[in-house]
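J.: model this:
(one chain, ligands or ions: 3)
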Amino acid sequence: MGVTDDSGVMPEQINYNIVTLTRFLTEEQNKHSEATGDFTLLCHALQFSFKSIAYYIRRATLINLTGLAGSSNTTGDDQKKLDVISNDLFIEVMRSSGRCSLLVSEEEENIIFFSGANSADGKSSEHARYAVACDPIDGSSNLDAGVSVGTIFAIHKLAEGSTGEAADILKPGTELVAAGFTMYGASAQLVITMKGGSVNGFTLDNGLGEFILTHPDMRLPKKRAIYSVNEGNSLYWDDRVKSYFNSLKEAQPDNGKPYSSRYIGSMVADAYRTLLYGGIFAYPADSKSPKGKLRILYECAPMAMVFENAGGQAVNSKMERMLEVVPEHIHDKSGIFMGSYDEVEKVKSFHK
Ligand code: AHG
Ligand code: MN
Ligand code: MN
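T.: Ligands and ions are numbered 1, 2, ... in the order given. The predicted structure is shown next:
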């Protein structure tokens, strides 16, 4: 019990043993005697970009950052002002970290090389041993309505002896060193996982300016009757996808009730809810988008890594393990079904 003062008001309980993301990363680094600290520094740079993007999103309406930038990106989407600002910020943070050799961004047609023979200045930084893929703002169509959006990131390590080339990022998700996302919602939530590790969630304390570990070792519920998909596309779905989703609207054998539907339209927000509550999120390939809509390198693979490490599954529209899909080009797309272990099993059973 806390101590009350003369006014009878209970003071806030102070927690002196807070695990900040900085502390978490240091402790992770200490577990690996061979670690140089470069990965930790790269993550520090990433967390700064998330804090900055969170700050601009919160102030967007006040400082005229809503609306379109008047340009479109390489996959033909209209760019919002915040797409452009977040992308520029992310690029500069990765460049100045000195740890990122090359960057793929949804908003950039080509790979940006910061070091090695392909870089603008031809310089090589011995510490730039990582390749990063990012979606600076995911769900940007939701921005002006104040609906949650996010940033997705995926980190690969350069091959031994490589100074940074396309092959260092055109790799399957099984090779990822780390991946995750930050959701900018009621608070900023950062979710990160490392190869073979657990999934940990942090909440940005705006007062402290620190991400605090609030969701250690996140595990997806094994099943949950919630589905998340843009049903406006059902006209274009193939019969297996149609019958799967139709089956969810029927009385289920265990409780006689149909599934609930939840769709925000920002993958990060739909994924975060699915991670916490369980269920299924899908953006299937269809006759309108035969290769799917979501991008492999900076949407599907990093989310698949998070979901698998939290005990769930992620597959493409051919029911192949998402993490094993190898993109040919940096902006390649895929259909995706991801969520609770049993829910993805059910999707697979409709595709046999
Ligand atoms: P982005 O804003 O990075 O282009 O991504 C939007 C994606 C993803 O966030 C979401 O799941 C999906 O597009 C929504 O698409 P629909 O509007 O077609 O449902
Ligand atoms: Mn996106
Ligand atoms: Mn985006």
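J.: Could I have the CA atoms of stretch 57-69 written out in CSV?
T.: This file holds the C-alpha atoms of stretch 57-69, laid out as CSV (Å, rounded to 0.1, in the frame of the first residue of the first chain):
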residue,chain,number,x,y,z
ILE,A,57,2.1,12.2,-36.4
ARG,A,58,0.7,13.5,-33.1
ARG,A,59,1.3,17.1,-34.3
ALA,A,60,0.2,16.6,-38.0
THR,A,61,-3.1,18.4,-37.8
LEU,A,62,-1.6,21.3,-35.9
ILE,A,63,1.4,21.9,-38.2
ASN,A,64,-0.2,21.3,-41.6
LEU,A,65,1.3,17.8,-42.2
THR,A,66,-2.0,16.2,-43.2
GLY,A,67,-2.9,15.5,-46.9
LEU,A,68,-1.1,14.6,-50.0
ALA,A,69,2.5,15.5,-51.0
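J.: For it, list every residue counted as buried.
T.: For stretch 57-69, the neighbour count (16 or more other C-beta atoms under 10 Å) marks I57, A60, L65, A69 as buried. C-beta here means a position set from N, CA and C on the backbone, and glycine is covered the same way.
J.: Just to be sure, which of those are found in helices?
T.: Among the buried residues of stretch 57-69, the residues falling in helices (DSSP state H) are I57.
J.: Please name the residues that touch the residue in the chain that ligand 2 sits nearest to.
T.: At 3.4 Å from ligand 2, D138 is the closest residue in the chain, using C-beta to the ion. Residues counted as contacts of D138 (C-beta atoms under 8 Å, 6 or more residues apart in numbering) are V149, G150, T151, I152, F181, S266, M267, V268, E299.
J.: Over to S260?
T.: When contacts are counted by C-beta under 8 Å, 6+ apart, S260 is found next to A225, I226, Y227.
J.: Also D217?
T.: S198, V199, N200.
J.: most neighbours, which of those?
T.: V199 (25 neighbours; other C-beta atoms under 10 Å).
J.: List phi and psi for that one.
T.: Main-chain dihedrals, V199, degrees, to the nearest 10: phi -110, psi 130.
J.: Verify the contact between it and P302 for me.
T.: No: using C-beta atoms under 8 Å as the test, V199 is too far from P302 to be in contact (11.6 Å).
J.: before we move on, back to that, could you redo the contacts of D138 as a markdown table and give each row secondary structure, distance to P216 and neighbour count?
T.: Below are those laid out as a markdown table (DSSP: H, G, I helix; E, B strand; the rest coil; distance: C-beta to C-beta, whole Å; neighbours: other C-beta atoms under 10 Å):
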| residue | secondary structure | distance to P216 | neighbour count |
| --- | --- | --- | --- |
| V149 | strand | 25 | 30 |
| G150 | strand | 20 | 28 |
| T151 | strand | 21 | 26 |
| I152 | strand | 21 | 30 |
| F181 | strand | 17 | 28 |
| S266 | coil | 25 | 23 |
| M267 | helix | 24 | 25 |
| V268 | helix | 20 | 26 |
| E299 | helix | 25 | 26 |
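J.: Show the overlap between the residues you listed and what lies near ligand 1.
T.: Checked against ligand 1 using C-beta under 6 Å from any ligand atom, those yield the following neighbours: S266, M267.
J.: okay if I get the contacts of D138 as TSV plus distance to ligand 2?
T.: Output for those, formatted as TSV (distance: C-beta to the ion, whole Å):
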residue	distance to ligand 2
V149	9
G150	8
T151	9
I152	7
F181	10
S266	8
M267	6
V268	8
E299	5
